[in-house]
Each structure stands twice: as structure tokens, then as C-alpha cells.
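Coordinates for the following, if possible.
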Amino acid sequence: MQRPIARSTRAGMTAALCAGLLLTQQACAADPDGEPAASSSGSTAGALTGDPQATPSATTPPATTPSATTGPPAAGGGGGGNEAILRGERQVVIAPVGSFESVLAVDAKGRLNLTDGEAEYALFVLDPVGGGRHQIKTAKAGSGGEPFCMGLRDNGTSPATVVAAGCDTSSAGQLFTLERTRATDEQGRPTYAIRGDGNVHLRTTASNGLVAQAADAGGPGTTFAFVDNGKATLPELD
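Got it, this is the predicted structure:
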């Protein structure tokens, strides 16, 4: 025969059972820290898209081409002095005396003008043609394999300008006399006035760039220094 459970014992068991049920209900409602339970649908790490450090810069600086220098020729570049320049054996920068950092170059329109930046045709060869005259040739050949020569262009009532054209020794406008002056530039190089057909001189102006005008027009003329930039590499042309 089973012995009856004491009343006090039954009361204790009932209290313990009720306490256990209460704790179970609280655990189902929230976790111990008061935060919602983690979802079982998977991680949220995939919501991040892109890596800021992997995004390239919006602008990439372009490669630069060094502009023609007006300094002395590099050591070991041969030379021969001013005489070699006038014999057409050296390629030169034509630098207007007193013009800060500006040199002559053929611009995109084919005109010989001032520039202080990059230019494809900024080196020249002074090729003697006899009678104390020279053709001013680009030191670099064009797409046709031959250099360009500088020549005068008549602009009517406006001052003549200098443009690049195919070389032709029979064209008077392409023949220039290089008149040496008594002065030198800041580097001690000889300076020259450049005279063209019709007794016009090349000069730089603030409004029209490089022009060709009569010696007594437009104020004092411009003198130029020829800055040695190495041996001329143009082929001999028939």
C-alpha cells in the first residue's frame, strides 16, 4: 500500500512546478539581454556592396611630355659651338631674348608662334642654302618623311606671319638671313635678328604673337638665341 504524501511536501512541489513554468515563459519572450533572438534566415554580411578602397580615383593625371629646354646642352652631347649650329649640324630651340620661358614652335594650325608648353615641333635645324641665308626646318620629319620649312605668309593689311610648309629653296619666303647682334643672352649665347624676304624682321608682339614686319615698324625688333639641343638627325635630302 502506497504511503500518502505529506501536505507540506505537496505544497512545496506545487510551488517549484509553478516557478519552473514561469521561468520558461519569460525565456521564450526574450533573451537574457533584452535583445531579439538572431534570425535563422542567414547572415546579413552580404548586404555590404563594394569596397571603397577598391574604387579607382575619378581622375588619373596624364603622362607629361617635357617641353623644350632653354638651358645649355647636356654634357656629352657633342657640340661644335655656334658655327655647327649655323652649318645645320645641330638641332636648336629658338628662344626670343627677354621672353620668360617662351620659345618658338609650330602650333596646331601650322603657324610658327610662341609657346611655353608642350609642342611636337619645337626643335629646328638652321640649314644654310648659300648667300648667307638659311632655311628654318623642323628637326623632326612629318608623316611624309620630310621636315617642314618655315615661310612667310602675306596676310594683306595685317602683319605677315610665319607658317610651316613643304621645303622649297626656290621660295623666297622660306629664306632667312640670321643677323648676329653684339649682345648675348643671359647664358652668354650669341643673339640674332631674323630677317626675311622684303626686309621684314621676325618679332614677338603681345596681341598677334610672332609676326614679320619691316624693321622700322612696330617698335624695336626681337632678337633670338639658338639653344643647342643635340645633333641634327634629319636625313640628307636631294
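
which stretches of this protein have low pLDDT?
1-79, 218-219, 236-238 (pLDDT under 70).

all strands of it, in order?
Under the criterion DSSP state E, the chain contains strands at 90-96, 103-106, 112-115, 124-130, 133-138, 148-155, 158-166, 176-184, 190-196, 200-205, 209-214, 224-231.

Go ahead and name everything in contact with the fifth one.
Judged by CB atoms under 8 Å, 6 or more residues apart in numbering, the contacts made with strand 133-138 from elsewhere in the structure are 86, 88, 94, 106, 121, 123-129, 147-150, 164, 167, 169, 174-178, 234. For glycine as for every other residue, the C-beta is placed from the backbone atoms N, C-alpha and C.

In contact with Gly173, which residues?
Gly151, Leu152, Arg153, Gly196, Asp197.

Buried ones among those?
Buried residues within the contacts of Gly173, counting neighbours by 16 or more other CB atoms under 10 Å: Gly151, Leu152, Gly196, Asp197.

got TSV for the strands of the chain, with distance to Asn82 too?
Shown next, in TSV, are the strands of the chain (distance: least, CB to CB, whole Å):
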stretch	distance to Asn82
strand 90-96	9
strand 103-106	18
strand 112-115	22
strand 124-130	10
strand 133-138	13
strand 148-155	20
strand 158-166	22
strand 176-184	9
strand 190-196	6
strand 200-205	19
strand 209-214	23
strand 224-231	8
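
Report how many residues lie close to Ala232.
21 (other CB atoms under 10 Å).

Surely it and Gln91 touch.
Yes. Ala232 lies in contact with Gln91 (CB atoms under 8 Å); the separation is 4.8 Å.

So for these two, which residues contact both of them?
Common neighbours of Ala232 and Gln91 (criterion: CB under 8 Å, 6+ apart): Val125, Ala139.

Just flag the most distant two among the contacts of Gly173.
Arg153 and Asp197 (11.6 Å; CB to CB).

List the buried residues in stretch 183-199.
Buried residues in stretch 183-199 (16+ other CB under 10 Å): Asp185, Arg189, Pro190, Thr191, Tyr192, Ala193, Ile194, Arg195, Gly196, Asp197.

Need the contact partners of it.
In contact with stretch 183-199 (CB under 8 Å, 6+ apart) are residues 71-72, 82, 95, 97, 152, 160, 162, 172-173, 175-181, 201-202, 212, 214-215, 221-227.

Whichever of these end up buried, select them in ChimeraX.
Selecting only the buried entries of these in ChimeraX, with 16+ other CB under 10 Å as the criterion:
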select :95,97,152,160,162,173,175,176,177,178,201,202,212,221,222,223,224,225,226,227
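
gap between Arg203 and Ser99?
11 Å (CB to CB, to the nearest Å).

More neighbours: the two, which one.
Under the neighbour definition other CB under 10 Å, Arg203 and Ser99 were set side by side, and Arg203 has more, 23 against 15.

Does the more buried one touch Gly221 like I think?
Yes. Counting by CB under 8 Å, Arg203 touches Gly221, with 5.1 Å between them.

just to revisit the earlier point, the contacts of strand 133-138, buried ones only, as a PyMOL selection?
Only the buried entries of the contacts of strand 133-138 go into this PyMOL selection, using 16+ other CB under 10 Å:
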select buried, resi 86+88+94+106+121+123+124+125+126+127+147+148+149+150+164+167+174+175+176+177+178+234
